[in-house]
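Trainee: Okay, here's the prediction I keep looking at, along with the sequence it came from:
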Amino acid sequence: MGMLQTFRNAWKVQDLRKKILYTLLMLLVYRIGCLVPVPGVNTSLIQQIVSSNGILQMMNVLNGGTLSSFTLLATGVSPYITASIVIQLLTVAIPKLEAMQKEEDGRKALKQWTRILGIIMSAITSLGLILTYGSSVLRNPVWYNYLFIAILNAAGTAFAVWCGEKMTEKGIGNGLSLLIFVNVVSTLPGTLITLIRNVVEGAVALWILPVAFVIAVVIIFAVVFMDLGERRIPVQYAQRVVGRRVYGGQSTYIPMRVNGSGVMPLIFANTILQVPASVALLWPASKFTAWYTKWMSSGTVLYAIFLALFIVFFAYFYSTIAFNAVEISKNLQQQGGFIPGIRPGKPTSDFMLRINSKITLFSALFLALLALLPQLLTTLNPNLPTMAATSILIAVSVALETTRALDSQLMMRNYRGFLK
């Protein structure tokens, strides 16, 4: 109800109403682009290939089913996300790039490099999939058709990134997150229909339906609980006498979100695991592909271990970028604030880093548990919709993130009554 109330209050503000309409229009344009087919491709065979490959299934969910139907946006924003991860990691490792990150012109250059790298990776991914099954997938397997399809999918990724950036600039919330949100939401009805059909055909027991409903509700409540949870660090301000006035002497707190990185570690981890799968598609007869298919495909123990490790790594990586304990400690000291029982300066920053590390580990393990839930469901019954848990997690997290963006916009306009 709070989410709907926030939306209604935002709709009453003319400026916010324009931003909401702009966001919805861009999402509609993007979804229309998802329906544009790539000519000369045997989509029925592509669907069989995707359904038999766990990594491609996850990529298909994040792209809203465009990979299995092989439309213009078959690769979607996944290559751009991979490129952004690579650039961010290089920024941490290379001092020159780190210096560029601190300057406005440098940030623009890094953003442009990310776009170019994402477009190149999109062309490689689509080309790898087509090359693996070329003579069967293409109706006319000649070299210029391969090049034509790679260029089309690269253009589709560029279009998707453009839509996401425009929504971030002129709309509400994070544009790329909203694209992923609308993608995963578009796959949920098909997942539900598949589950019901399997129950009717006897492939899945009838009691699975209420159990699946309960699991979905539990996941939603758990995600909301984690997303809204926060650790409050008490802060006391010393009294200062300026003339005849007394300042300070009040108590407040620093809110530290339990799941400060949101769902991004999960998306990053799944995207990174798609990279070796894309490489394997380029050399289907190689030893690497045979090893990867046997030991690292979705559902294997090694894949589950790497997925959990990547989620924990990206949770800490994202937290390190977003949370600057030294800067917070410095600001507190300048304003005469201190944490009771903790000395100002370095002890304060060390204390906050320890707290942040603990809550980051807790949220990372929570995300890893939900990410591994599909594999557990597959073990129980291979006919269950394994990607539904991940889809619900992403959808709820992005919806909460967008609601917070609306709340902040309302707060900046001093709109009364948007919070209870």
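Mentor: Ah, there it is.
Trainee: quick one: the strands in the protein?
Mentor: Here the chain has its strands, by DSSP state E, at 230-237, 240-242, 245-247, 251-257, 337-338.
Trainee: Going by neighbour count, list what's buried in the first one.
Mentor: When burial is assessed from 16 or more other CB atoms under 10 Å, strand 230-237 yields the following buried residues: 231, 233, 235-237. C-beta coordinates here come from the backbone N, C-alpha and C atoms, glycine included.
Trainee: again with stretch 149-168
Mentor: In stretch 149-168, counting by 16+ other CB under 10 Å, buried: 149-150, 152-154, 156-161, 163-164, 167-168.
Trainee: swap in stretch 94-113?
Mentor: For stretch 94-113, by 16+ other CB under 10 Å, it's 97, 100-101, 106, 110, 113.
Trainee: Pick out whichever of those residues sits closest to Asn63.
Mentor: Nearest to Asn63 among these is Trp113, at 23.0 Å by CB to CB.
Trainee: what's the closest non-adjacent residue to that closest one?
Mentor: Leaving aside its sequence neighbours, Trp113 sits nearest to Ile87 (CB to CB, 6 or more residues apart in numbering; 6.2 Å).
Trainee: and Phe362, how many residues sit next to it?
Mentor: By the criterion of other CB atoms under 10 Å, Phe362 has 15 neighbours.
Trainee: Test my guess that it contacts Val258.
Mentor: Yes. If you go by CB atoms under 8 Å, Phe362 and Val258 touch, sitting 6.6 Å apart.
Trainee: Can you name the residues that contact the residue nearest to Trp113?
Mentor: 97, 110, 113-114, 117 (CB atoms under 8 Å, 6 or more residues apart in numbering).
Trainee: Out of these, flag the one nearest to Ala277.
Mentor: Leu117 (18.1 Å).
Trainee: number of nearby residues for the closest one?
Mentor: By other CB under 10 Å, neighbour count at Leu117 equals 17.
Trainee: residue contacts, the closest residue to it other than its chain neighbours?
Mentor: Of all residues not flanking Leu117 in the chain, Ala83 sits nearest, at 3.8 Å (CB to CB, 6+ apart). Contacts for Ala83 (CB under 8 Å, 6+ apart) come out as 114-115, 117-118, 121.
Trainee: Check Cys34 too.
Mentor: 63-66, 71-73, 183.
Trainee: Helices of the stretch 51-200 of the chain, start to end?
Mentor: 54-62, 66-69, 78-93, 95-101, 104-132, 134-137, 143-170, 175-201 (DSSP state H, counting those that start in this stretch).
Trainee: and of the ones you listed, who's closest to Ala290?
Mentor: Closest to Ala290 of those is helix 104-132 (CB to CB; 13.3 Å).
Trainee: can you point me to the longest helix in the chain?
Mentor: Secondary structure of the chain per DSSP state H: the longest helix is helix 346-380.
Trainee: next one: that helix to chain centre, how far?
Mentor: How far helix 346-380 lies from its chain's middle: 16 Å, per CA atoms, centre = their mean, to the nearest Å.
Trainee: now stretch 67-78
Mentor: 17 Å.
Trainee: Provide the contact partners of that stretch at residue level.
Mentor: 30, 33-38, 41, 43, 46-47, 50-51, 56, 59-60, 62-64, 66, 118, 122, 125-126, 152-153, 155-157, 159-161, 164, 176, 179-180, 183, 271, 274.
Trainee: are any of the residues you listed buried, and which?
Mentor: Using 16+ other CB under 10 Å, the buried ones in the contacts of stretch 67-78 are 30, 33-34, 38, 41, 46-47, 50, 56, 59-60, 62-64, 66, 118, 122, 125-126, 152-153, 156-157, 159-161, 164, 176, 179-180, 183, 271, 274.
Trainee: quick one: Phe221 and Ile215, what's the gap?
Mentor: Separation of Phe221 from Ile215 (CB to CB, to the nearest Å): 11 Å.
Trainee: Who has more neighbours out of the two?
Mentor: More crowded of Phe221 and Ile215, by other CB under 10 Å: Ile215, with 16 against 11.
Trainee: gap between that one and Thr187?
Mentor: 17 Å.
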